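Participant: below are the sequence and a predicted model for it; my questions follow.
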Amino acid sequence: MKFFGKHKEGKKILFVCVENAGRSQMAEGFFRKYAPEAWIPVSAGSRPTPEINPVAVEAMKEVGIDISKQKPKELSEELVQSSFLKVSMGCIDKTECPAIFLGNHQDWGIEDPKGKPIEKVREIRNEIEKKVKELVTTLESN
């Protein structure tokens with residue numbers, strides 16, 4: 001996928017899910033690791049939980065990424081507007097958060113790790129890593 005135009009406020013990538021406790025936090029962690037310099041990852045949720053899913057934290061530690069200090073954040077109009085690209089992890093629909101679907105956006109359709117055993121969370125983590133690497137390759141070619 002090619003991206004057209006440059007965002008006036010920089011190169012922020014926004015990863016979004018409902019609770020901002022698993023998928024979007026893992027994506028933020030992977031993007032921080034793999035992203036080209038000057039790209040900034042942010043994650044947020046439409047109904048964020050008080051803390052990150054501890055199984056997601058554990059799964060990320062297994063691959064050398066510590067997301068334990070990241071905090072769930074509420075999705076805001078300002079975050080949406082200041083982001084070059086919005087990535088829904090597959091849990092936001094147009095009635096829940098219509099602003100995310102304006103402009104540059106992708107929907108990855110990734111399963112929610114909430115309540116899943118570590119084995120399943122590892123599969124989800126690996127899928128997120130693959131998607132983030134694909135996104136980074138696309139960004140580097142622009």
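Facilitator: Perfect, I can see it now.

Participant: which other helices and strands does the lowest-mean-pLDDT helix or strand in the chain contact?
Facilitator: Ranked by mean pLDDT, DSSP states H and E, the weakest helix or strand in the chain is strand 105-107, scoring a mean of 86. Under the contact criterion of 3 or more Cβ pairs under 8 Å, 6 or more residues apart in numbering; DSSP states H and E, strand 105-107 touches strand 85-88. The C-beta positions use only the backbone N, C-alpha and C, and glycine is treated the same way.

Participant: partner strands of the strand it packs on, with direction?
Facilitator: strand 12-17 (parallel), strand 105-107 (parallel) (DSSP bridges).

Participant: what's the pLDDT at residue 6?
Facilitator: Here, the pLDDT recorded for residue 6 equals 42.

Participant: picking up where we left off before, export the strands paired with strand 85-88 to TSV and tack on distance to residue 40 and mean neighbour count?
Facilitator: Shown next, in TSV, are the strands paired with strand 85-88 (distance: least, Cβ to Cβ, whole Å; neighbours: other Cβ atoms under 10 Å):
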stretch	distance to residue 40	mean neighbour count
strand 12-17	5	26
strand 105-107	17	16
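
Participant: between those strands, which one is closest to residue 66.
Facilitator: Among the strands paired with strand 85-88, strand 12-17 comes nearest to residue 66, with 17.1 Å by Cβ to Cβ.
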